[in-house]
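> coords please:
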Amino acid sequence: MKTLIPVFFMILFFAQFSPARANEIFMEKDFPVTQSLGWDLLPNGMLVADYDLNGNGKADFYTLRRVERSFSSKSTPDNEARKWPGSLIFSVNYGGSSYYYVAFQHPLLYAVDFDEDGIWDLVFKDVPEDGLNGNEKFYDSPSGAIAAGKTINGLKAVLNEMCACHGKPAAACKLRE
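Numbers count the residues shown, from 1 in each chain. This next block holds a predicted model:
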């Protein structure tokens with residue numbers, strides 16, 4: 001019995017690295033903000049970052065984060081970042097001072113725009129705000145692309161289908177570098 005326990009844990013460890021998972025775009029962590037096309041503050045106070053997953057220069061994926069705090073300061077971004085560990089700091093420079101937005105590290109919402117027309121086709125919510133890990137739930141279809149009551153398999157499946165829509169294998173679809 002004692003020898004079966006280590007074998008069981010080894011099987012669990014190596015199952016995480018199966019070849020089937022290597023072909024999926026789904027990431028175990030959020031898309032880095034540094035690789036976004038840009039960011040903006042929405043009228044509802046949420047901070048949106050847009051990404052180009054297929055490399056054509058148009059946004060097709062979005063993350064929306066709640067803003068914890070916003071303020072003006074003459075301090076540098078590095079100094080402000082030290083004051084807010086675990087949060088993301090966005091700033092706009094106004095000459096002698098900057099306006100800072102302190103956002104939660106993980107998004108509350110993820111949005112997908114298949115046809116890149118600026119109107120989101122699918123929105124997923126991540127209530128625990130724990131990053132991309134498969135617990136995101138379908139929230140809305142602002143463009144009306146998905147009929148009410150239709151079952152959505154989850155963000156993981158949508159991102160993989162998105163790569164297929166762009167005519168690329170899932171393994172080739174990645175963030176611009």
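> if I pick residue 106, what's in contact with it?
Counting by CB atoms under 8 Å, 6 or more residues apart in numbering, residue 106 touches 30, 65, 126, 129, 130, 131. Glycine gets a C-beta too; all of them are placed from N, C-alpha and C.
> which of the residues you listed sit farthest apart?
The distance between the two most remote of these (CB to CB) is 13.0 Å, for 65 and 130.
> Of those two, give the one with the bigger neighbour count.
Neighbours per residue, other CB atoms under 10 Å: of residue 65 and residue 130, the larger number sits with residue 65, 25 against 12.
> what bridges to the closest residue to that one other than its chain neighbours?
Excluding the flanking residues, the one nearest residue 65 by CB to CB, 6 or more residues apart in numbering is residue 103, at 4.1 Å. Listed by DSSP bridges, the beta-bridge partners for residue 103 are residue 67, residue 88.
> Could you check how far residue 103 is from residue 152?
For residue 103, the distance to residue 152 equals 26 Å [CB to CB, to the nearest Å].
> Residue 94 too?
For residue 94, the distance to residue 152 - CB to CB - is 42 Å.
> When these two are compared, which one has more neighbours?
Legend: neighbour count by other CB under 10 Å for residue 94 and residue 152, higher for residue 152 (15 against 9).
> and that one, which of the three is it?
coil (DSSP: H, G, I helix; E, B strand; the rest coil).
> check contacts around it.
122, 138, 146, 158.
> Can you get me a residue count around the third one?
The one in question is residue 146. Applying other CB under 10 Å, we find 15 residues neighbouring residue 146.
> how would you label it: helix, strand or coil?
Assignment for residue 146 (three-state DSSP): coil.
> Repeat that for the second one.
For residue 138, the reduced secondary structure class is strand; criterion used: three-state DSSP.
> Can you give me the end-to-end span of stretch 31-40?
One end of stretch 31-40 to the other measures 16 Å (CA to CA, to the nearest Å).
> Please list the residues outside that stretch that contact it.
Contacts to stretch 31-40, defined as CB under 8 Å, 6+ apart, come from residues 47-52, 57, 59, 61, 63, 88, 90, 132, 175-177.
> now do 10 Å
46-53, 57-63, 65, 88-90, 101, 103, 105, 107, 110, 131-132, 174-177 (CB atoms under 10 Å, 6 or more residues apart in numbering).
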